[in-house]
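Undergrad: Structure, please.
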Amino acid sequence: MLHDQKSNRENRILLVDDEPDICMVYQIVLEDAGYQCRSYTDSLKALQEFRPNYYDLVILDIKMPVLNGFELCKKIREIDETVYITFITASEAYYEEFRNRHYPELGKINYIQKPIGNEELLQIVNTIIGRRTSTAAV
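TA: Model (predicted):
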């Protein structure tokens, strides 16, 4: 098992992806691992309900209607400068080109590539949360 449920209980994750099935599966996986996970398929609703200094990790899909992941990231940063944000996307090339062209001020931000298995997702999240709890957020 890749996780320790007791150490994850206090960690809160926000997941925003416009695909309901992805939100449902990833939320179940993360909650089964002991994380508190809130998921949204609507980026505007996620932004409206975002609270500063509440989440340890925010996972954002890039291609979403209304507010794409990069736009949502910028708006979340206006509310909470310290929360750790990572993207989830099916296309590394799209991520790099889009970020470099439209959002270079975001700098280097990590991403998770879809599709991803449940254990691999947990391993990445555990690593990020471990990094977050031991050092300052990126």
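Undergrad: For the closest residue to Ile62 other than its chain neighbours, the count of nearby residues, please.
TA: Spatially, and ignoring its direct neighbours in sequence, Ile62 is nearest to Gly69 (4.0 Å; C-beta to C-beta, 6 or more residues apart in numbering). Using the backbone N, CA and C atoms, a C-beta is placed for each residue, glycine as well. Residue crowding around Gly69 was assessed by other C-beta atoms under 10 Å; the count is 29.
Undergrad: wait, isn't Gly69 in contact with Lys75?
TA: No - with contact defined as C-beta atoms under 8 Å, Gly69 does not reach Lys75; the gap is 10.8 Å.
Undergrad: Could you pull up phi and psi at Arg12?
TA: With angles defined as degrees, to the nearest 10, Arg12 sits at phi -110, psi 140.
Undergrad: What of Leu14?
TA: The phi/psi pair for Leu14 (degrees, to the nearest 10) is phi -110, psi 130.
Undergrad: For it, list each beta-bridge partner.
TA: Note on Leu14: beta-bridge partners Arg38, Val58, judged by DSSP bridges.
Undergrad: contacting residues around it?
TA: Residues near Leu14 by C-beta atoms under 8 Å, 6 or more residues apart in numbering: Cys37, Arg38, Ser39, Tyr40, Ala46, Phe50, Tyr55, Leu57, Val58, Ile59.
Undergrad: Neighbour-wise, which one of the residues you listed leads?
TA: Neighbour counts for those (other C-beta under 10 Å) peak at Ile59, which has 26 neighbours.
Undergrad: Would you mind listing the residues in contact with it?
TA: Ile13, Leu14, Leu15, Val16, Asp17, Tyr26, Ile85, Thr86, Phe87, Ile88, Ile112, Val125.
Undergrad: What is the nearest of those to Asp32?
TA: Comparing the contacts of Ile59 against Asp32 with C-beta to C-beta places Tyr26 closest, at 10.7 Å.
Undergrad: Pull the number of nearby residues for the residue lying closest to the closest one once chain neighbours are set aside.
TA: With C-beta to C-beta, 6+ apart as the measure, Leu15 is the residue that lies nearest to Tyr26, at 5.7 Å, once sequence neighbours are left out. Counted with other C-beta under 10 Å, the neighbours of Leu15 add up to 23.
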